[in-house]
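Asks: Following is a predicted model, sequence given first.
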Amino acid sequence: MISTKEKINDVLEEIEKITQGEEIVVAFSGGLDSTVVSALAIQTLGREKVEAITVSFEEYNYSKGLRNIQEISKALDLKLKIVQGKREQEKVLKKGPACNKCTRIAKLGRVKKEASGRLVLTGSNQSDTWGKRGLKLCNGFYTPLLELNKKEIRKIADYIGIKILQIGESKFREGCKLKHLLKPLAAPCYHGKAAAETNELLLSILEEEGYESVLANVKIIGPLNKNIGLVNVFPLPGEKLKEKIIEVLKKVKTLEQVDFLNKPIKLIIKANKGQFNNQHSRYWLEKGRLQPDFSVPIEVEWLLTTNKSLSTFQVIDYEIIG
């Protein structure tokens, strides 16, 4: 079995070989993966040849995110540049949820533009869909951790003394508020605001109460004219805290309904023809994209949409099944 030290040395040697000692850019989110990549790149190339570029999505980022990014970059003595990507993100998600497309265009696309020809290093690995389906070196992007999983990366972080604070809905990633909008971002001031405000409030309440969650988010579903908030917290909190969360979220003006999930549910999903007819895509969406972010088991009832503007899918409703 290869030790953590040996894995680090392998990554360092490969970074040196691939970059050929040239200046590089890191697509920096402040999460575990991009922080480890930044630290290893600095160790290989020196601080003067490494620049971190963070894409800000303004209210769609968790408020802790930017503070953590600034603190981590300061601790690593890492050059940091922040660029705006909100406009690109809203454009991508207007016709339905599309996380990979959003990453490719609104995040990595913005970073590549700012890189001005320099190689861009990312934190993609075997624990995300990009890592499982991507190439290690492709089109100006290089993923040093591609062959590693999250557990191995965390061991590397521990070995080199990197500590990452929780930013978003999970202890394992920084997250994105718009990931929890399970319908088109047709009206940012309505759909986007609901996802941004409810998820920020939920984390604020849990932090205020000192409640340590493994998972915490508010999924926004429903038809375009109605926002339904499905609250996911794991482990499930007691009744008093649940009531407080519901009471606070009911005051959000862009939210018409709030339900705290504690039993298995069935999601009613409309999908465009391409996705509806693709069994592999439907399976991945249910098991890989949706279930990991829900605190209860889910089933899915698939419907073919008649909405030609829907390019992916929309969760229009749900039912309790247990």
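Replies: Now that the structure is in, tell me what you want to look at.

Asks: And the contacts of stretch 141-148?
Replies: Residues from elsewhere that reach stretch 141-148 (C-beta atoms under 8 Å, 6 or more residues apart in numbering): 7, 11, 14-15, 18-19, 24, 33, 36-37, 40-41, 108, 112, 119-126, 130-131, 134-137, 153, 156. Bear in mind the C-beta positions are built from the backbone N, C-alpha and C, glycine included.

Asks: Just the buried ones among these, please.
Replies: Neighbour-count burial (16 or more other C-beta atoms under 10 Å) is assigned, among these, to 7, 11, 14-15, 18-19, 24, 33, 36-37, 40-41, 108, 112, 119-125, 130-131, 134, 153, 156.

Asks: Helices - which of the residues you listed land there?
Replies: 7, 11, 14-15, 18-19, 33, 36-37, 40-41, 108, 112, 130-131, 153, 156 (DSSP state H).

Asks: how many neighbours does residue 206 have?
Replies: Burial of residue 206 is recorded as 17 neighbouring residues (other C-beta atoms under 10 Å).

Asks: That one: what secondary structure?
Replies: Using DSSP: H, G, I helix; E, B strand; the rest coil, the structure places residue 206 in helix.

Asks: That one reaches residue 213, doesn't it?
Replies: Yes - counting by C-beta atoms under 8 Å, residue 213 is a contact partner of residue 206 at 5.7 Å.

Asks: so what's in contact with these two at the same time?
Replies: Shared contacts of residue 206 and residue 213 (C-beta under 8 Å, 6+ apart): residue 233.

Asks: Now residue 58. Nearest residue, chain neighbours left out?
Replies: Excluding the flanking residues, the one nearest residue 58 by C-beta to C-beta, 6 or more residues apart in numbering is residue 86, at 4.9 Å.

Asks: got a list of what the one you found touches?
Replies: Per C-beta under 8 Å, 6+ apart, neighbours of residue 86: 56-58, 60.

Asks: which of these tops the neighbour count?
Replies: residue 60 (26 neighbours).

Asks: ok now do that one, which residues does it touch?
Replies: 86, 89, 176-178, 192, 195-196.

Asks: per-residue confidence at it?
Replies: Residue 60 is assigned a pLDDT of 93 by the prediction.

Asks: Could you number the chain from 29 rather than 1 from now on?
Replies: Happy to do that; since the first residue is 29 now, the last one works out to residue 88.

Asks: Now the phi/psi pair for it, please.
Replies: phi -80, psi -10 (degrees, to the nearest 10).

Asks: Please apply the same query to the one 10 residues further on.
Replies: The phi and psi torsions at residue 98 (degrees, to the nearest 10) take the values phi -70, psi -40.

Asks: Assign the residue nearest to it when sequence neighbours are not counted to helix, strand or coil.
Replies: Nearest-residue entry for residue 98: residue 108, 7.1 Å, with adjacent residues in sequence omitted and distances by C-beta to C-beta, 6+ apart. With three-state DSSP as the basis, residue 108 sits in strand.

Asks: Quick check: residue 108 touching residue 94?
Replies: No - with contact taken as C-beta under 8 Å, residue 108 and residue 94 are classed as non-touching, separated by 10.4 Å.

Asks: what touches both of these two?
Replies: Taking C-beta under 8 Å, 6+ apart as the contact rule, residue 108 and residue 94 both touch residue 82.

Asks: who does the helix or strand harbouring residue 244 touch, helix- and strand-wise?
Replies: With elements taken from DSSP states H and E, the one containing residue 244 is strand 243-249. On a contact count with 3 or more C-beta pairs under 8 Å, 6 or more residues apart in numbering; DSSP states H and E, strand 243-249 meets helix 221-236, strand 256-262, strand 341-348.
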